[in-house]
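Colleague: fold the following, please.
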Amino acid sequence: MHRLMLTSNTYRQSTENPEYQKYAEIDPKNQLLWRMNWIRLEGEAIRDAVLALSGHLQKSDGGPGVFVNVPSDVADGFEFFKWFPSGEKEQARRTIYTFQRRSVMNPMIEVFDGANMSEVCSRRSTTVVPTQAFALLNSDFINGEAKRFADRVVELAGADSQKEIDTAFLLGLGRLPSGPEREKAETLFGSEPSRAALSRLGVVLFNLNEFLYLE
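Modeller: Have a look, this model is predicted:
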């Protein structure tokens, strides 16, 4: 059954359609499946993708759970259990290896609709709420990985701002920037050092729907 579904023409459709305007008027909710719906990545995949782009992802298999950084008031809020964050390298392992309790979830998973660990969850919800954007713009995790992403881009592209912009887009989105996108990226390099500009650009790329959604 899975093979039949996944190899069908309907399942393999693009999110775009040459007759998009026409069909959208007839079936705006896509109930007749005339295109593929956009699929938002789960929190685990988003975190792992950010780590992979920064070049910081640790791919080792197995072993004990990893304790990620959580707010101090959460870490110190247990009477019989102490939360000691793992080392920086260990925290860069795939999200499946991060330790979670019912009362302490991985922050990235929690904000992106992680399953409620206190009850059975047959299917996760998919929401779009302001706290997700705040997490992707302001969290220590995202900004730290954006700096590593900038270092990786400089290493690959050298000290050429145009090549750095191209490399950042190719790594983050799998394509070159459009004209307007390039112009906006160039304004960053006009006011900041290369690595700082690329770090800010990395945060922007991590926030784009093109990065967060499967087409």
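Colleague: list the buried residues of the longest helix seen in the chain.
Modeller: Assignment by DSSP state H gives helix 140-157 as the longest helix of the chain. By 16 or more other Cβ atoms under 10 Å, the buried positions in helix 140-157 come out as 141-150, 152-154, 157. For glycine as for every other residue, the C-beta is placed from the backbone atoms N, C-alpha and C.
Colleague: what do you get for stretch 161-176?
Modeller: 161, 164-169, 171-172.
Colleague: format those residues as TSV; extra columns: pLDDT.
Modeller: Shown next, in TSV, are these (pLDDT from 0 to 100):
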residue	pLDDT
Ser161	90
Glu164	95
Ile165	95
Asp166	96
Thr167	96
Ala168	96
Phe169	97
Leu171	96
Gly172	94
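Colleague: looking at these, which are in helices?
Modeller: 161, 164-169, 171-172.
Colleague: what's in contact with stretch 60-74?
Modeller: Residues outside stretch 60-74 that contact it (Cβ atoms under 8 Å, 6 or more residues apart in numbering) are 83-86, 90-91, 93, 97-99, 104, 106-107, 140-141.
Colleague: returning to what we had before: okay, the buried residues of stretch 161-176 in CSV with distance to Ile26 next?
Modeller: Shown next, in CSV, are the buried residues of stretch 161-176 (distance: Cβ to Cβ, whole Å):
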residue, distance to Ile26
Ser161, 47
Glu164, 45
Ile165, 41
Asp166, 40
Thr167, 42
Ala168, 40
Phe169, 35
Leu171, 39
Gly172, 35
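Colleague: ok, so of those residues, who is nearest Val129?
Modeller: Gly172 (23.2 Å; Cβ to Cβ).
Colleague: so what's that closest one closest to, chain neighbours aside?
Modeller: Leu205 (3.7 Å; Cβ to Cβ, 6 or more residues apart in numbering).
Colleague: hmm, back to that, now render the buried residues of helix 140-157 as JSON lines, adding distance to Leu212 and pLDDT.
Modeller: Listed next are these as JSON lines, based on distance: Cβ to Cβ, whole Å; pLDDT from 0 to 100:
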{"residue": "Phe141", "distance to Leu212": "15", "pLDDT": "92"}
{"residue": "Ile142", "distance to Leu212": "12", "pLDDT": "94"}
{"residue": "Asn143", "distance to Leu212": "17", "pLDDT": "94"}
{"residue": "Gly144", "distance to Leu212": "19", "pLDDT": "94"}
{"residue": "Glu145", "distance to Leu212": "15", "pLDDT": "95"}
{"residue": "Ala146", "distance to Leu212": "15", "pLDDT": "96"}
{"residue": "Lys147", "distance to Leu212": "20", "pLDDT": "96"}
{"residue": "Arg148", "distance to Leu212": "19", "pLDDT": "96"}
{"residue": "Phe149", "distance to Leu212": "16", "pLDDT": "97"}
{"residue": "Ala150", "distance to Leu212": "20", "pLDDT": "96"}
{"residue": "Arg152", "distance to Leu212": "20", "pLDDT": "96"}
{"residue": "Val153", "distance to Leu212": "20", "pLDDT": "96"}
{"residue": "Val154", "distance to Leu212": "25", "pLDDT": "94"}
{"residue": "Ala157", "distance to Leu212": "24", "pLDDT": "92"}
